[in-house]
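Engineer: Need a 3D model of the following:
(one chain, ligands or ions: 1)
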Amino acid sequence: MYTDAVPPVWDLPYTTTRRHISVDLGGDVLEIGDLYCRLAVDVMKVGTFSTEDAASLADGEADPYGTDQLGITWRPKDHHVVLVDSGRVVAHAAFLPIEVEMADERLAGAGLGSVMVHRAFRGRGVGQRLIKETTTHMRALNRSYGLLFCRDARLGFYERLGWRRVLGEVTVDQESGPIVMPLFTCWRSFDGGTPSLTDDLRLIGLPF
Ligand SMILES: CC(C)(COP(=O)(O)OP(=O)(O)OC[C@H]1O[C@@H](n2cnc3c(N)ncnc32)[C@H](O)[C@@H]1OP(=O)(O)O)[C@@H](O)C(=O)NCCC(=O)NCCS
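Structural biologist: Residues are numbered from 1 along each chain as shown. Predicted coordinates:
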């Protein structure tokens, strides 16, 4: 489809890709414009996502999350959402039921992690679609909030999708004992009634 009236690509309802078309006329370049194509990904909730599946999605990318140097032990996740393009998994996210303590109150939520888009598909809205679809599945757990951990480079991505940074200190378990989480923690309400997760938090169990 080509038209002058295409809205900014990130406002389009489907995951899209944009190609700028110009024609070389032997010295003169004729600018045609931007061509928008829909990337027809399917969304699937799957029962398992193995280490081999994760390696296939990483496709040789070393340390795709940029967290290896932290040496953190992560928790396996219970639920998996994948986006599939032409039979190939191009994105994956996982979630699980969690509990945190805030000011001596225990709050049941849903943790989001292992968010990854194959590097060849990044920057086209696949990640945004992945988070939106996964959030819908997380809500079905009937817990009042979602929680995730991310590096500073990803904070803007999640904030634009409605997540808020936890400003308090977040403590998580490791085999050696509790540690203060060195990554940012973000949360979002699923029912509008959760007390804001703005104080110090203690996650019960390993991070995810
Ligand atoms: C983080 C990650 C999942 C984002 O996936 P993505 O598919 O690139 O995400 P999107 O395309 O939806 O958004 C990425 C950026 O491209 C922009 N964008 C979205 N759709 C676009 C489009 N069609 N054309 C051009 N740019 C677009 C967005 O504005 C966004 O900008 P921002 O990063 O400043 O918010 C991906 O970078 C990734 O897998 N990284 C490695 C693993 C990782 O760090 N995971 C996060 C762990 S917390």
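Engineer: For the longest strand along the chain, list the C-alpha coordinates in CSV.
Structural biologist: Assignment by DSSP state E gives strand 88-102 as the longest strand of the chain. Written as CSV, here are the backbone C-alpha positions of strand 88-102 (Å, rounded to 0.1, in the frame of the first residue of the first chain):
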residue,chain,number,x,y,z
ARG,A,88,9.1,-19.2,12.8
VAL,A,89,9.2,-17.9,16.4
VAL,A,90,10.3,-14.3,16.2
ALA,A,91,9.5,-13.2,19.7
HIS,A,92,8.9,-14.7,23.1
ALA,A,93,7.8,-13.4,26.6
ALA,A,94,7.1,-15.4,29.7
PHE,A,95,5.2,-14.8,32.9
LEU,A,96,4.3,-16.4,36.3
PRO,A,97,2.4,-15.8,39.5
ILE,A,98,4.5,-13.9,42.1
GLU,A,99,4.2,-12.4,45.5
VAL,A,100,5.8,-9.3,46.9
GLU,A,101,5.8,-7.8,50.4
MET,A,102,5.4,-4.0,50.8
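Engineer: helix or strand right after that strand?
Structural biologist: Scanning forward in sequence from strand 88-102 by DSSP states H and E, the next helix or strand is strand 105-117.
Engineer: helices and strands around that next one, which ones?
Structural biologist: Applying 3 or more CB pairs under 8 Å, 6 or more residues apart in numbering; DSSP states H and E, we find strand 105-117 packed against helix 51-58, strand 88-102, helix 126-139, strand 145-150. Bear in mind the C-beta positions are built from the backbone N, C-alpha and C, glycine included.
Engineer: Do that strand and the ligand come into contact?
Structural biologist: Yes: judged by CB under 6 Å from any ligand atom, strand 105-117 and the ligand are in contact via 115-117.
Engineer: and the nearest residue to residue 46 once chain neighbours are set aside, what are its bridge partners?
Structural biologist: For residue 46, ignoring the flanking residues on the chain, the nearest one in space by CB to CB, 6 or more residues apart in numbering is residue 80 at 4.9 Å. Applying DSSP bridges to residue 80 gives these bridge partners: residue 46, residue 94.
Engineer: Wait, residue 80 touches residue 92, no?
Structural biologist: Yes: Residue 80 lies in contact with residue 92 (CB atoms under 8 Å); the separation is 6.5 Å.
Engineer: Overlap of the contact sets of the two?
Structural biologist: Applying CB atoms under 8 Å, 6 or more residues apart in numbering, one finds that residue 80 and residue 92 are jointly contacted by residue 49.
Engineer: So between those two, which is more surrounded?
Structural biologist: Using other CB atoms under 10 Å, the more surrounded residue of residue 80 and residue 92 is residue 92, with 23 against 20.
Engineer: and stretch 173-182, average pLDDT?
Structural biologist: With pLDDT averaged residue by residue, stretch 173-182 scores 98.
Engineer: Map the structural domains onto the sequence of this protein.
Structural biologist: Following automatic domain parsing, one finds the domains of the chain at 1-38, 40-203.
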